[in-house]
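K.L.:
sharing a model that was predicted from the sequence below.
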Amino acid sequence: MGQSSKLSPTNGPTRRSGSRTPLGTVPADGKECIWMSAGVLSYRLCNRDFDCERCPLDSALQSGKSGTRAALIPGEWGPSGYRLYPQDRHFSSAHTWVQDLGSTSARMGVDALLAWLLIDASAVKLPAPNAWIERGEVAATIFTKGGKLTVPAPVSGRVLAQNEAVVGCPELVISSPYGAGWLLDLAVEPVGKNKDFTHLLCGSDMETLSRGHLHGFHHRTDALLAAKPARVGATLNDGGPPLTDPRAMLGSARYLKLVQELLT
């Protein structure tokens, strides 16, 4: 997997906020809002006549309702310059995070590695408010072009609120996993007495674990490519340039199966 530089942890931090990666094709007569121009969102039709002051998506991107804007440091790994593993939240080994919002409430989302591996998100399904979720049960389903991923809950709790912005714009899970791309607010037992939190990791420990998981992901990808060379080619059918995207080389179904393994 030497060519799959997109997934290399050593290449991630070299990204800079000024180097925009195109996220979609803009029609010749299409207008872009500020978030499309900045490369945070791919092109999409605006049904508000670009009235950003009354746009809930713009509001979510501006604040994220997370109170963590100071934790975002440009230049670190991630398409929006977010920190790899912020110290103001706890992480599960299944690549989700929890942020304490008070004595009995917490916010959850997916971590930087999962956001990086997802590549795209076409829809997000979340449980309804007041639903009870046990730790390890499905807290969210993220749909992509090739299938879906189920995201386990890092702690048990009752759903207080869904992130409506991420339901309307699933790409936020990828572009802002620690900010506007959060998934659920949960009512939980007091953090100091909540045994679920004893299973979670701090940012530095999660970064160490994730680098090991990424290494294993590369190893599994290499093994799958070597096992079925007749089914996976190194070039396009027309003899074009070599493929370097693991999803294109493996096929979406097998790629998503590998990503799902990280969440179990």
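P.N.:
Thanks, I have the structure now. Residues are numbered from 1 along each chain as shown.

K.L.:
what's the closest non-adjacent residue to Leu258?
P.N.:
Excluding its sequence neighbours, the residue lying closest to Leu258 (CB to CB, 6 or more residues apart in numbering) is Arg220, at 5.6 Å. Quick note: C-beta positions are derived from backbone N, CA and C, even for glycine.

K.L.:
separation between the one you found and His213?
P.N.:
Distance of Arg220 to His213, computed by CB to CB, to the nearest Å: 10 Å.

K.L.:
go on, Ala223?
P.N.:
15 Å.

K.L.:
more neighbours: these two, which one.
P.N.:
More neighbours surround His213 than the other of Ala223 and His213, with 18 against 9 (other CB atoms under 10 Å).

K.L.:
these two touch, right, the more buried one and Thr264?
P.N.:
No. Applying CB atoms under 8 Å, one finds His213 not in contact with Thr264, separated by 11.6 Å.

K.L.:
Glu171 reaches Ile119, doesn't it?
P.N.:
No. Taking contacts as CB under 8 Å, Glu171 lies outside contact range of Ile119: 10.8 Å.

K.L.:
those two - which one has more neighbours?
P.N.:
Remark: of Glu171 and Ile119, Glu171 carries more neighbours, 22 against 19, as counted by other CB under 10 Å.

K.L.:
identify the contacts common to Arg220 and His213.
P.N.:
Shared contacts of Arg220 and His213 (CB atoms under 8 Å, 6 or more residues apart in numbering): none.

K.L.:
buried residues, the helix or strand where Gly216 lies. List them.
P.N.:
Take DSSP states H and E as the rule and Gly216 turns out to sit in helix 203-227. Residues of helix 203-227 classed as buried by neighbour count (16 or more other CB atoms under 10 Å): 203, 206-207, 209-210, 213-214, 217-218, 220-221, 224-225.

K.L.:
now swap in stretch 114-133 and tell me
P.N.:
Neighbour counts over stretch 114-133 (16+ other CB under 10 Å) mark 114-121, 124, 126-127, 133 as buried.

K.L.:
farthest pair within the residues you listed?
P.N.:
Pairwise distances across the buried residues of stretch 114-133 peak at 26.2 Å for Ile119 and Ile133 (criterion: CB to CB).

K.L.:
go ahead and confirm Ser92 touches Pro154.
P.N.:
Yes. With contact defined as CB under 8 Å, Ser92 reaches Pro154; the gap is 3.8 Å.

K.L.:
who's more crowded, these two?
P.N.:
Neighbours per residue, other CB under 10 Å: of Ser92 and Pro154, the larger number sits with Pro154, 28 against 23.

K.L.:
that one against His95, yeah?
P.N.:
No. Checked against CB under 8 Å, the pair Pro154 and His95 is beyond contact range at 9.3 Å.

K.L.:
count of residues packed around the residue lying closest to Leu263 once chain neighbours are set aside?
P.N.:
Excluding its sequence neighbours, the residue lying closest to Leu263 (CB to CB, 6+ apart) is Ala94, at 4.7 Å. For Ala94, the neighbour count with other CB under 10 Å is 17.
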